[in-house]
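Novice: Quick one, what's the 3D model for this:
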Amino acid sequence: MTTEGGWAMVEFRVERQTLAEAVAWAARTLPSRPALPVLAGMLVEASADGALTLSGFDYEVSAKAAVATDVTEPGRVLVPGRLLADIVRNLPPYPVEVVTKGTEVVVRCGSAEFGLQTMPVEDYPTLPEPPQPSGTVPGEVFAAAVAQVTPAAGRDETLPMLTGVRIDFDGDTMWLACTDRYRIAARELTWSPSDPGFTAGIVVPARTLADTARAIRPGSQVAIGLGGTGDTLLGISSGDRSTTTRLLDDQFINYRSRLSDAWSTTAKVRTAPFIEAIKRVALVTERNTPLRLDFTGDQVLIRAASGDAARANETIPALLTGEGIDIAFSPQYLLDGLAGIDTEYTRLECTGPTRPALLTAIPDRRDDDADSDTPPDDTGDTGFRYLLMPIRLTA
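Specialist: Down below sits the predicted model:
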């Protein structure tokens, strides 16, 4: 790395879209209120072999993206990360030139030019090394599983366990689960461990995992590894992108035992009409107003009322096995669970109006000529389970 007047020199040229994607990945970890000013910076490193690496770190979570560039002057600088991300996201579709001039990093793209004051790169902390991969899983499968369970994570930071995603590894099976005490969302999936006998149980901050999963590129393979002192670090990498996060305390409820029961009532409904009807009826609800589902032999009556101000009801077809039931839920919690179901039919199972109810997806039929007006006979599920506490009805 050369210097000019004691300041680091860096110069490279890169395609705008390539830079934008890499900057966006690294910027996910930048804190809005950094404990130290230097943590608001994004580390930009250009090597003589043409590799550009962009990194963000807040002592809890790190993110790093590497891309191939045309490097004229290798080196490393630290720049305001969020500002760089905003600038790059709004650049015109032309190659981007980045060069340091004294204490300023100049970003040129087409006729646009920006100058950013550098930050003291020597004060930037050393990023943790990603752990060696323990196995891999298809990116789309992992991202979908994370999206299904994280809506059920708690938001109360005084109960850290509830703000995390529990991940259990047992051979080629991976379980993800979240709970906020009022619901449990869990997903079972298959992955490819490096060691067939690999087992572990960890709790990962849900917000970090959700942000990472949303940024995974379609068609990629995701490598997952545990490391750090006492396996306190989770590493997730996909191609030339990686992230690490500190783990939470691994204490968690025995959620799997709560997802199986002797259900006395089973209702099957078409997913899309069910969701749309719930959204319409929920328009009259206010905070803490329950939405009632009254299941009878061949239909479900969806209804809600907000005192004397407004009421709504709608009936859609349903196939009921067992006794009829009138049960109430938080409309948003119910919609969160249904958002994780991507099959034509949904199954709701319960044992009474005051006991938890289980939502699962009914696998789509394989016979295209089958009668689509009736749900498939398959009793299996897609690995997603959503257990929801009902709201006790007063009248």
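
Novice: Flag the shaky bits of the chain, pLDDT-wise.
Specialist: By pLDDT under 70, the low-scoring segments of the chain are 1-8, 229-230, 367-372, 378, 395.

Novice: Centre-most residue in it?
Specialist: Of all residues in the chain, the one closest to the mean position by CA atoms, centre = their mean is residue 210, 2.1 Å from it.

Novice: need the helices for the stretch 51-200 of the chain, in chain order.
Specialist: 81-89, 139-149 (DSSP state H, counting those that start in this stretch).

Novice: Select, out of those, the one closest to residue 180.
Specialist: Closest approach to residue 180 among the helices of the stretch 51-200 of the chain (CB to CB): helix 139-149, 11.4 Å. For every residue, glycine as well, the C-beta is placed using N, CA and C.

Novice: What residues sit buried inside the closest one?
Specialist: Buried residues in helix 139-149, defined by neighbour count with 16 or more other CB atoms under 10 Å: 139, 141-146, 148-149.

Novice: and if you look at stretch 108-119?
Specialist: Buried residues in stretch 108-119, defined by neighbour count with 16+ other CB under 10 Å: 108-109, 114, 116, 118-119.

Novice: what does stretch 387-395 give?
Specialist: Neighbour counts over stretch 387-395 (16+ other CB under 10 Å) mark 387-391 as buried.

Novice: Can you tell me which of the residues you listed is closest to residue 216?
Specialist: Proximity of the buried residues of stretch 387-395 to residue 216 (CB to CB) peaks at residue 387, which lies at 26.8 Å.

Novice: In which helix or strand does that closest one reside?
Specialist: Element membership of residue 387 [criterion: DSSP states H and E] is strand 384-388.

Novice: Mind listing residues that contact that strand?
Specialist: With contact meaning CB atoms under 8 Å, 6 or more residues apart in numbering, strand 384-388 is reached by 145, 148, 152, 182-188, 258-259, 329, 333-334, 336-337, 340-341, 356-361.

Novice: Narrow the residues you listed to those in strands?
Specialist: Cross-referencing the contacts of strand 384-388 against strands under DSSP state E gives 183-188, 329, 357-361.

Novice: Outside of stretch 128-145 itself, list whatever touches it.
Specialist: The contact list for stretch 128-145 (CB under 8 Å, 6+ apart) reads 62, 169, 174, 176, 187, 189-195, 198, 200, 213-214, 216-228, 233-235, 237-238, 242-244, 383-384.

Novice: What remains of the contacts of strand 384-388 if I keep only buried residues?
Specialist: Counted by 16+ other CB under 10 Å, these give 145, 148, 152, 182-188, 259, 329, 333-334, 336-337, 340-341, 356-361 as buried.

Novice: what about the strands in the stretch 201-350 of the chain?
Specialist: For the stretch 201-350 of the chain, the strands defined by DSSP state E, counting those that start in this stretch occupy 221-227, 233-238, 241-246, 265-270, 291-296, 299-306, 310-317, 319-322, 325-329, 345-350.

Novice: Go through the ones you listed and name the closest to residue 206.
Specialist: The closest of those to residue 206 is strand 241-246. By CB to CB, the value is 10.8 Å.

Novice: So which residues make contact with the closest one?
Specialist: Residues from elsewhere that reach strand 241-246, judged by CB under 8 Å, 6+ apart: 22, 25, 28-29, 60-66, 127-128, 130-131, 204-205, 208-209, 212, 215, 217, 228, 232-237.

Novice: Filter these down to the buried ones, ChimeraX style.
Specialist: Buried residues among the contacts of strand 241-246 (16+ other CB under 10 Å), as a ChimeraX selection:
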select :22,25,28,29,61,62,63,64,65,66,127,128,130,131,204,205,208,209,212,215,233,234,235,236,237
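
Novice: sorry, back to before: enumerate every residue touching the residue nearest to the centre of the chain.
Specialist: Neighbouring residues of residue 210 by CB under 8 Å, 6+ apart: 146-147, 150.

Novice: one more time with 7 Å
Specialist: The contact partners of residue 210, taken as CB atoms under 7 Å, 6 or more residues apart in numbering, are 146, 150.

Novice: same deal with residue 191?
Specialist: Shown in contact with residue 191 (CB under 7 Å, 6+ apart): 135-137, 172, 174.

Novice: So which of those residues sit within strands?
Specialist: Judged by DSSP E, these include 135-137, 174 as members of strands.

Novice: Compare the residues you listed and tell me which is most surrounded.
Specialist: Ranked by neighbour count (other CB atoms under 10 Å), these have residue 174 at the top, with 23 neighbours.

Novice: how far away is the closest residue in space to it that isn't next to it in sequence from residue 306?
Specialist: Leaving aside its sequence neighbours, residue 174 sits nearest to residue 191 (CB to CB, 6 or more residues apart in numbering; 4.8 Å). Per CB to CB, to the nearest Å, residue 191 is found 46 Å from residue 306.

Novice: For stretch 348-362, give me every contacting residue.
Specialist: With CB under 7 Å, 6+ apart, stretch 348-362 has contacts from 259, 261, 263-268, 325-327, 337-338, 341-343, 345-347, 375-376, 378, 381-382, 384-390, 392-393.

Novice: Would you mind checking the contacts of stretch 128-145 for buried ones?
Specialist: So, of the contacts of stretch 128-145, 62, 169, 174, 176, 187, 189, 191, 193, 213, 216, 220, 222-227, 233-235, 237-238, 242-244, 383-384 end up buried under the neighbour-count rule (16+ other CB under 10 Å).

Novice: hang on, the earlier thing: what is the nearest of the buried residues of stretch 387-395 to residue 312?
Specialist: residue 391 (16.9 Å).

Novice: So the closest one: helix, strand or coil?
Specialist: Assigned by DSSP: H, G, I helix; E, B strand; the rest coil, the conformation of residue 391 is coil.

Novice: my guess is it contacts residue 326, does it?
Specialist: No. In this structure residue 391 lies outside contact range of residue 326 using CB atoms under 7 Å: 11.8 Å.
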